[in-house]
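Q: Everything below, folded, please.
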Amino acid sequence: MQSMEIPLVLFTVFSQAAIGLTLMRVVRTTADGDGAESGDARSEWRLIAGLMILGMFGSLFHLGHPLSAPTALKHLGTAWLSREVLFAGLFTGVTVLAVLLAGKAGRPVLAWLGTLLGLGVIVSAGMTYAPPALPALNNALPFSFFLTSAVILGSGFGSWFAGSERAPLMTRIFTTALVVGLVLNLVAPCVWLSGGAVMRMTAQAWLGSGFYWAHVAVLIACLGVVWKFRTIPAGLPLLALLGELAGRAGFFADTIHAAANMGGLY
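A: Numbering: from 1, shown residues only. Below you'll find the model as predicted:
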C-alpha cells in the first residue's frame, strides 16, 4: 500500500473499537446469565456510536467525491468493499438506535445484532485488504489483525463500564488479546522473510518502521501495566488505542504492493 492512509487508519481502528465494545457487552451479558445488560448502558452506547460515527466521518476524506459514497453499495455481489460499507452503515444505525433506546427493553437484542453486523464489518475488511497484489497480506492476517484490535480495544474500554464484578473478566480478555496481538506482530515479519521478493520487502519495511516498533512497544507496555496492577487502569485503554493507531498506520504505509517489484526478479 505504501501510503499512511490516515482516513482509513481512523476508520478501521475506531470502528473496530466500537465493534469490540459491542462484543464485550454481549460477553458480559452472557457471563451475567440473566439476559440483562450490565453497567451504564447509555454512556457505553454513546461511546460506541461516537467511535463509529467518527470513524465513518474520517473515512470520507479517503474519497475523491465524498458525496458519492453511497455508490459504493453498487457492487455488493462482487466487491468486499461494498459489503464492508453496507455492514458498517447497518452497524452504525444499530448503535444510534441503541443510544435512543438505552434504559428500555430490547437492548440485549441490539447488542447481539450489533455484534453480528460488526463481525461482518471485520470479515469484509479482512477480505478487502487481502488482495493478491499484497502478497504479505493475501491470507487471513488482515482479519486476524483487525479482530485482535477489536478485542484489545473492546475489552480495554469495556473495563470502564464493567463494574467490579466483571472487571477481572475484561482484564483476562484484554491480556489474552494483547498476547495474541504481540505474537502476530512478531511472527508475521519473520514468516515473510522466508517468502518471495515482495514479502521480504514487506518484512524489511515493517521491521525498519517506527510505527511497527511503537505498536510492539505499546503492546508490551500494556502487558506490563496489567501484570503490575492485576487490572486495567482507567487510562490504559487510551494507550492501547494509540498503539493500535500506530500499528494500523504501519499496516497501510509499510506493506509493499507487488507493483513495487515490477520488472524485478522473484
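
Q: Going by C-alpha atoms from here, please, whenever you check contacts or count neighbours.
A: OK.

Q: Span of stretch 247-260 from start to end?
A: Start-to-end span of stretch 247-260 (C-alpha to C-alpha, to the nearest Å) is 22 Å.

Q: now swap in stretch 27-42 and tell me
A: So stretch 27-42: terminal residues 17 Å apart, C-alpha to C-alpha.

Q: could you give me the average pLDDT of it?
A: Across stretch 27-42, pLDDT averages out at 70.

Q: for stretch 158-177, same thing?
A: The model assigns stretch 158-177 a mean pLDDT of 94.

Q: give me the number of residues near K228?
A: 10 (other C-alpha atoms under 10 Å).

Q: ok, it to G243 distance?
A: Per C-alpha to C-alpha, K228 is found 19 Å from G243.

Q: any chance you could map the helices in the stretch 51-200 of the chain?
A: 80-101, 107-128, 141-158, 163-192, 197-207 (DSSP state H, counting those that start in this stretch).

Q: As CSV, those helices with mean neighbour count and distance to A31 would be great.
A: Converted to CSV, these look like this (neighbours: other C-alpha atoms under 10 Å; distance: least, C-alpha to C-alpha, whole Å):
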stretch, mean neighbour count, distance to A31
helix 80-101, 20, 21
helix 107-128, 21, 13
helix 141-158, 26, 14
helix 163-192, 18, 8
helix 197-207, 21, 39
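
Q: Which of these sits closest to L219?
A: Ranking the helices of the stretch 51-200 of the chain by proximity to L219 (C-alpha to C-alpha) places helix 163-192 first, at 6.0 Å.

Q: Quick one: list the elements packing against the closest one.
A: With contacts taken as 3 or more C-alpha pairs under 8 Å, 6 or more residues apart in numbering; DSSP states H and E, helix 163-192 sits against helix 141-158, helix 197-207, helix 210-229.

Q: after the longest one, next one along is what?
A: Which is helix 210-229. Once the chain leaves helix 210-229, the next helix or strand it forms, by DSSP states H and E, is helix 236-254.

Q: List the contacts of A136.
A: W192, V198, M199, T202, T255, I256 (C-alpha atoms under 8 Å, 6 or more residues apart in numbering).

Q: Having no further points to raise, I will conclude here.
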